[in-house]
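Novice: would you be able to build a 3D model of this:
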Amino acid sequence: MLLRRSFDDDGCAGAARTPTRSRTRDRLRETRTGVYLLVVLTAGAYLPSPLYPVYQGAFGFSDLTMTLVYAMFALVSGPALLLFGSASNTLGLRALLRTSVVVAAVASLCFVVADGPVLLLIGRAAQGLALGAATGAATALITQNSPADNRARASVLASMAFVAGTAAGPVTAGVLAQYGPAAHMLPYLVHLLVLALAWHRLSDLPSGRPRSTVWRPTRPRIPAGMRRVFATSAATGFLAWTAAGLFLSIIPAILGRAAQTSNLAITGGVVSAVLICSLLFQPFVAGWGPRRAQFAGLGALLVSLVALALTGGGSVPVTLIASVTAGIGHGLAYGGATATVDAALPDGRRGSITSALYLAFYLGAGVPAVAIGLLSLWLPLTTATSWLSAVAAVLVPVTGVALMITNRSRPFRVKDADAPDHQQGRQRWRTRRLRARARASERRRPTTSPAPKGPNSSRHVRQGARRSRGARRRGRV
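Specialist: Okay, the predicted model is just below:
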């Protein structure tokens, strides 16, 4: 009987463990799918980085057009992130991610058949649309399959997947274009193959039911209590992506002209060194803390921008050193800024604030490149790069001082994320008034208590006890 009971209990436990193990495997597979999709889409968006000089020589367009082709991705992906941030609630994760894969495939086909800057611009816009629409959904696919106490690590995993794809794109395109046939087409044909694998992996995802029937774009509203923290973090991330954007857009063309470097593999390696160093130094943010990481990252960015301001990117050794320091600064500043905002996020506005933060990052990657393109209408490309690098280098200590002032002030945590700003201001005023009253009452409170007088003093208590004992002896009680 005992043997039978033990067998029944083990059988029930095994049957209970089987769905749990199956669900764990499904979550792990979905997490890997989200990471793979982020890497593939981001790598495809940065495949053209080392090939801009090739396109410029083949199609004969100006430096301004070259910077516009690069910046088209950032100018489209930022609004797409806000527009499609909540689309997964209406369409479902699998449908939205599959649509992003199709749009990314159309972008690669535009680069394969490109015969001028028009198709390049269309391809870059499609790349920005695909990545902007898929970033929130793929990140949600990674974080929602992690335990509740492990969401921070899942967010770091999604951020590292984004940077890993950014690093893999330029070096892969440079090697394939330099040592393979059809430099204009081979990197994008390989990208179409990995997109087909991504489509197959998405087939294993559950279709899911839409959680909402109304599709509303994400509105970036920042609570009044964390606007200083958000502003300094957005400025730090803006400068980090400005330095990275210079290497992803302008430096390949400068190396091909001033440094007489025609090897696309070397150009792709220099560009990828920025993101590889960033990827290696992002894990240090957790150990150093977001504040120290941001200060260290700003220091490294200052060294890199000063080197670019002095040389204009025309020296290969100096540019390589600047790329390494820019990567270190990018990883620490970008990771620290993201961690700082994530720690202060109210739950009710997490999606909108994160989208606004990444919008600042995208603008930092695209707007300075367009500014250099405009300056190149009157100045040589190296001189325009030196000027903009000098301006960015001046902004680095200004951002550092603002970051120091923000960290010294007492942070205010918004208790009600859905309350309007005027209600948050009243709540902050009431909190300060209550704290002031508490401090005033502590100052008025005497340090030593005087001996009690009246009927509650110790002498009256002893006298009452003696009367009670005497009354009991006389038999009155």
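Novice: would you confirm that A265 contacts Y179?
Specialist: Yes - A265 lies in contact with Y179 (C-beta atoms under 8 Å); the separation is 7.0 Å. Quick note: C-beta positions are derived from backbone N, CA and C, even for glycine.
Novice: the more surrounded of those two?
Specialist: Neighbour count, other C-beta atoms under 10 Å: between A265 and Y179, A265 has more, with 16 against 12.
Novice: what about that one, which helix or strand?
Specialist: Here A265, judged by DSSP states H and E, is contained in helix 264-281.
Novice: can you map out the helices along the stretch 301-450 of the chain?
Specialist: 316-344, 350-375, 381-408, 421-444 (DSSP state H, counting those that start in this stretch).
Novice: can you tell me which of the ones you listed is most buried?
Specialist: Mean neighbours per residue, mean count of other C-beta atoms under 10 Å, is largest over those for helix 316-344, with a mean of 24.
Novice: run the chain-centre distance for that helix.
Specialist: Computed by C-alpha atoms, centre = their mean, to the nearest Å, the separation of helix 316-344 from the middle of its chain amounts to 12 Å.
Novice: what is it packed up against?
Specialist: With contacts taken as 3 or more C-beta pairs under 8 Å, 6 or more residues apart in numbering; DSSP states H and E, helix 316-344 sits against helix 151-179, helix 227-249, helix 251-257, helix 264-281, helix 284-288, helix 290-311, helix 350-375.
Novice: closest to L81 out of these?
Specialist: Nearest of the helices and strands packed on helix 316-344 to L81, taken as C-beta to C-beta: helix 350-375 at 5.4 Å.
Novice: tilt between the closest one and helix 151-179?
Specialist: Helix 350-375 and helix 151-179 are oriented at 30 degrees to each other (axes from the mean of the first three to the mean of the last three C-alpha atoms, to 10 degrees).
Novice: okay, angle between helix 350-375 and helix 227-249 too, please.
Specialist: Orientation of helix 350-375 against helix 227-249 (the same axes, to 10 degrees) gives an angle of 50 degrees.
Novice: so what does helix 350-375 touch, helix or strand wise?
Specialist: Under the contact criterion of 3+ C-beta pairs under 8 Å, 6+ apart, helix 350-375 touches helix 63-83, helix 117-143, helix 227-249, helix 316-344, helix 381-408.
Novice: format the helices of the stretch 301-450 of the chain as JSON lines; extra columns: mean pLDDT and distance to S203.
Specialist: Output for those, formatted as JSON lines (pLDDT from 0 to 100; distance: least, C-beta to C-beta, whole Å):
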{"stretch": "helix 316-344", "mean pLDDT": "86", "distance to S203": "32"}
{"stretch": "helix 350-375", "mean pLDDT": "80", "distance to S203": "27"}
{"stretch": "helix 381-408", "mean pLDDT": "88", "distance to S203": "45"}
{"stretch": "helix 421-444", "mean pLDDT": "61", "distance to S203": "45"}
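Novice: where does the stretch 101-250 of the chain have low pLDDT?
Specialist: Along the stretch 101-250 of the chain, the parts satisfying pLDDT under 70 run over 145-155, 206-220.
Novice: using CSV, list the CA coordinates for stretch 119-137.
Specialist: Provided in CSV are the C-alpha atoms of stretch 119-137 (Å, rounded to 0.1, in the frame of the first residue of the first chain):
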residue,chain,number,x,y,z
LEU,A,119,16.5,53.9,-53.3
LEU,A,120,19.2,54.3,-50.6
LEU,A,121,17.0,56.8,-48.8
ILE,A,122,13.9,54.6,-49.2
GLY,A,123,15.9,51.6,-47.9
ARG,A,124,17.2,53.6,-44.9
ALA,A,125,13.7,54.8,-44.1
ALA,A,126,12.4,51.2,-44.2
GLN,A,127,15.2,50.1,-41.9
GLY,A,128,14.3,52.8,-39.4
LEU,A,129,10.6,51.8,-39.6
ALA,A,130,11.3,48.1,-39.1
LEU,A,131,13.6,48.6,-36.1
GLY,A,132,11.5,51.3,-34.5
ALA,A,133,8.4,49.2,-34.7
ALA,A,134,10.2,46.0,-33.4
THR,A,135,12.3,47.5,-30.6
GLY,A,136,9.5,47.7,-28.0
ALA,A,137,7.9,44.4,-29.0
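Novice: nearest to M72, of the helices of the stretch 301-450 of the chain?
Specialist: Of all the helices of the stretch 301-450 of the chain, it is helix 350-375 that lies closest to M72, at 8.0 Å by C-beta to C-beta.
Novice: coming back round to it: out of the helices and strands packed on helix 350-375, nearest to G44?
Specialist: Judged by C-beta to C-beta, the one of these that comes nearest to G44 is helix 117-143, at 6.3 Å.
Novice: the closest one to helix 151-179, inter-axis angle?
Specialist: Note on geometry: by the same axes, to 10 degrees, helix 117-143 and helix 151-179 are set 150 degrees apart in direction.
Novice: pull out the buried positions in helix 117-143.
Specialist: For helix 117-143, a neighbour-count test (16 or more other C-beta atoms under 10 Å) marks 117, 119-143 as buried.
Novice: and the residue nearest to L119 when sequence neighbours are not counted, how far from L248?
Specialist: Closest residue to L119 apart from its sequence neighbours, by C-beta to C-beta, 6 or more residues apart in numbering: C110 at 4.9 Å. Noted for C110: a distance of 19 Å to L248, by C-beta to C-beta, to the nearest Å.
Novice: more crowded one of these two?
Specialist: L248 (29 against 20).
Novice: coming back round to it: tell me which element the residue nearest to L119 is part of?
Specialist: Applying DSSP H and E as the criterion places C110 in helix 93-112.
Novice: same for that helix, what does it pack against?
Specialist: Using 3+ C-beta pairs under 8 Å, 6+ apart, the elements in contact with helix 93-112 are helix 2-45, helix 87-91, helix 117-143, helix 186-202.
Novice: domain ranges for the protein?
Specialist: Using automatic domain parsing, the domain ranges for the chain come out as 21-204, 223-412.
Novice: I'd like to know which of those lies nearest to R435.
Specialist: Closest among these, once you apply C-beta to C-beta, is domain 223-412, at 10.4 Å.
Novice: tell me how far the closest one lies from the chain's centre.
Specialist: That offset, for domain 223-412, works out to 13 Å (C-alpha atoms, centre = their mean).
Novice: when you give positions from now on, start the count at 277
Specialist: Taking 277 as the first residue, the last one we looked at is domain 499-688.
Novice: confidence score at I530?
Specialist: pLDDT, I530: 81.
Novice: and S282, what pLDDT?
Specialist: For S282, the model assigns a pLDDT of 45.
Novice: element containing D480, please.
Specialist: Assignment of secondary structure by DSSP H and E places D480 within no helix or strand.
Novice: now for it, how many residues are close by?
Specialist: 11.
Novice: residue contacts, it?
Specialist: Residues near D480 by C-beta atoms under 8 Å, 6 or more residues apart in numbering: 305-306, 309.
Novice: ok, now L357?
Specialist: For L357, the contacting residues are 408-409, 411-412, 494, 631, 634-635, 638, by C-beta under 8 Å, 6+ apart.
Novice: shouldn't V582 be in contact with A669?
Specialist: Yes - using C-beta under 8 Å as the test, V582 is close enough to A669 to be in contact (5.3 Å).
Novice: kind regards, and thank you for your time.
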